[in-house]
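# Kindly generate the corresponding structure for this input.
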Amino acid sequence: MKSYTTRDVAKLLGLSEAQVRSQARVGYLAPDRGPHNAYRFSFQDLVLLRTAKSLNEARIPPRRIRRALRALLHELPEGRSLSGVRISSEGDKIVVRDGRDTWNPESGQLLLDFHVADLAAEVGPVARRLARRARRSDEPLTATEWYDLGADLETVAPEDARDAYARAVVLDPRHASARVNLGRLLQDLGLAVEAVQQYRAALAIQPRHPTAAFNLGTALEDLGRRREAIEAYRQALDADRDFADAHFNLARLYDQTGKRAAALRHLKAYKLLSE
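Numbering: from 1, shown residues only. All right, here's what the predicted structure looks like:
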């Protein structure tokens, strides 16, 4: 479910509604259509529009802006969103950082220093209003729609995102991804026991869900249950042998328990996957 109307986006980004609609037609955004065929945008669309506006203010030709943003989406590592990335310029290159990787989607002389977190802070009040509207709607959302809304709210309104995931789980107890995301947000609050319950429920539905198994391992570590955490990380690797962070955490736990050979084996795998 895309949450933001054309008017919301225009107000948040200081654009006219005509400018927003024009950008929606040029190919680097993916808005849905709502009532009366009106555009509905995601938070990621807002990030792209904000970036396009900044590049435009830096006098970058529109064609280059569109090409750079399409390349940015194409080169974004699988499974990552634009939430949390930092887009800046170094010399003649656009440089994108997401905390683990650094890459440039397009060359050019730019003076741009933009952090998605800044936008998240501005969008927060609107996101919370949208969540309230969804809760009061006469047309109840489906589990998938609550899940999509939760994903859209995570960066800007985590409390509302947690509520959205919980509603998705109530409507569809077998929605494994909603349980995983709900568990992660509960874990962020220090509620490791509740998080473990959600991860285990997700794994009961999808036993080969690597993220559910990995997150279960981290939550069990939070509770000091090291042996169970090891089993959870092993389950994550059974589902995905290339899960680098699972190798790393296993190496650390094996080292702590005196199993040096196993620790070295997983540390070697981690290094190979991380290079």
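# next one: phi and psi at residue 32?
The phi and psi values for residue 32, taken as degrees, to the nearest 10, are phi -90, psi 180.
# From residue 43, how far out is it?
Residue 32 sits 13 Å away from residue 43, going by CB to CB, to the nearest Å. For the C-beta atoms, the positions are set from N, CA and C on the backbone; glycine is no exception.
# cool, residue 162 as well?
From residue 162 over to residue 43 the distance is 16 Å, taken as CB to CB.
# Neighbour count: the two, which is higher?
Legend: neighbour count by other CB atoms under 10 Å for residue 162 and residue 43, higher for residue 43 (24 against 20).
# hang on, isn't that one packed against residue 149?
No. Between residue 43 and residue 149 there is no contact under CB atoms under 8 Å: 10.7 Å.
# Could you look up the next helix or strand downstream of the one helix or strand in the chain whose mean pLDDT sits lowest?
Lowest on mean pLDDT, DSSP states H and E among the helices and strands of the chain sits strand 113-115, with a mean of 51. The helix or strand immediately downstream of strand 113-115 is helix 116-136, counting by DSSP states H and E.
# avg pLDDT for the following helix or strand past that next one?
Next in sequence after helix 116-136, counting helices and strands by DSSP H and E, comes helix 143-153. In this model, helix 143-153 carries a mean pLDDT of 85.
# Flag every buried residue along helix 143-153.
143, 145-153 (16 or more other CB atoms under 10 Å).
# Sticking with the residue lying closest to residue 248 once chain neighbours are set aside, tell me its helix or strand.
Closest residue in space to residue 248, ignoring its immediate chain neighbours: residue 270 at 4.4 Å, by CB to CB, 6 or more residues apart in numbering. Applying DSSP H and E as the criterion places residue 270 in helix 260-274.
# from the middle of its chain, how far away would that helix be?
Relative to the centre of its chain, helix 260-274 is centred 27 Å away, using CA atoms, centre = their mean, to the nearest Å.
# again, but for stretch 178-194
Centroid displacement of stretch 178-194 relative to its chain, using CA atoms, centre = their mean, is 15 Å.
# ok, now stretch 173-180?
Centre-to-centre, stretch 173-180 and its host chain are 16 Å apart (CA atoms, centre = their mean).
# which other residues reach that stretch?
With contacts defined as CB atoms under 8 Å, 6 or more residues apart in numbering, stretch 173-180 is touched by 143-144, 146-147, 150, 165, 168-169, 172, 198-199, 201-202, 205-206, 209, 211-212, 215.
# hang on, the earlier thing: would you list the buried residues of helix 143-153 in CSV and tack on distance to residue 244?
Shown next, in CSV, are the buried residues of helix 143-153 (distance: CB to CB, whole Å):
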residue, distance to residue 244
143, 32
145, 33
146, 31
147, 27
148, 28
149, 31
150, 27
151, 24
152, 28
153, 29
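# which one of the residues you listed sits closest to residue 252?
Using CB to CB, residue 151 comes nearest to residue 252 of those, at 29.9 Å.
# List the contacts of the closest one.
By CB under 8 Å, 6+ apart, the contact list for residue 151 reads 161, 181.
# Which parts of this structure are strands?
With strands called from DSSP state E, the chain shows them at 4-5, 32-33, 39-41, 86-90, 93-97, 102-103, 113-115.
# hang on, the earlier thing: give me the pLDDT value at the residue nearest to residue 248.
Looking at residue 270, the pLDDT reads 84.
# What is the burial count for it?
Residues contacting residue 270 under the criterion other CB under 10 Å number 20.
# now residue 252
By other CB under 10 Å, the residues close to residue 252 number 16.
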